[in-house]
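Novice: Based on what follows, work out the 3D shape:
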Amino acid sequence: QVQLVESGGGVVQPGGSLRLSCAASGRRLSFGAMGWFRQAPGKEREFVAAIRWSDGGTVYTDSVKGRFTISRDNAQNTQFLQMNSLQPEDTAVYYCAAPWASVITTLPRDAYEYEYWGQGTQVTVSS
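Specialist: Model (predicted):
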């Protein structure tokens, strides 16, 4: 069994920053990649960013490029999402996810490509 636990969400004013963390635990700690998705009220879950565990390669959705940075700590089996210049449209529940595959070449962007999911952490951007 695999557990992914997110932390770091909260309420922030527009222009502010938050750092999300996602720690993996359980029978499996090594993944080919990890990613972040988000889901706003009344909207579908959307891809935010992903990172390849082997070489740190990353991919972002266009709306967060230049503002969000995904990183990982292999030794701690943890990934992070540094979110800067937050805007109200970034308000959502943010989910950590990992694919089943241990080796990833092309970073996955679709939710169906991810096997394991965290419970989510709320991020609210409001003045």
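
Novice: how many neighbours does the residue nearest to Gln82 when sequence neighbours are not counted have?
Specialist: Spatial nearest neighbour of Gln82, chain neighbours left out: Thr69 (4.4 Å); criterion: Cβ to Cβ, 6 or more residues apart in numbering. (C-beta placed from N, C-alpha, C; glycine too.) By other Cβ atoms under 10 Å, the residues close to Thr69 number 17.

Novice: ditto for Gly120
Specialist: So Gly120, with other Cβ under 10 Å, has 17 neighbours.

Novice: Per-residue pLDDT of it, please?
Specialist: With respect to pLDDT, Gly120 scores 97.

Novice: go on, the one 3 residues further on?
Specialist: In this model, Val123 is scored at 98, pLDDT.

Novice: was I right about the residue nearest to Gln82 contacting Gln79?
Specialist: No - Thr69 lies out of contact with Gln79 (Cβ atoms under 8 Å); the separation is 11.2 Å.

Novice: Mind naming the longest strand for the chain?
Specialist: Ranked by number of residues, the top strand in the chain under DSSP state E is strand 18-26.

Novice: Export it to CSV, keeping only CA atoms.
Specialist: What follows is strand 18-26, C-alpha atoms only, in CSV (Å, rounded to 0.1, in the frame of the first residue of the first chain):
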residue,chain,number,x,y,z
LEU,A,18,2.8,28.9,-0.5
ARG,A,19,4.9,25.8,-0.5
LEU,A,20,3.2,22.4,-0.8
SER,A,21,4.8,19.2,0.2
CYS,A,22,3.9,15.6,-0.6
ALA,A,23,5.5,12.7,1.3
ALA,A,24,5.3,9.1,0.2
SER,A,25,5.2,6.2,2.6
GLY,A,26,4.2,2.6,2.7
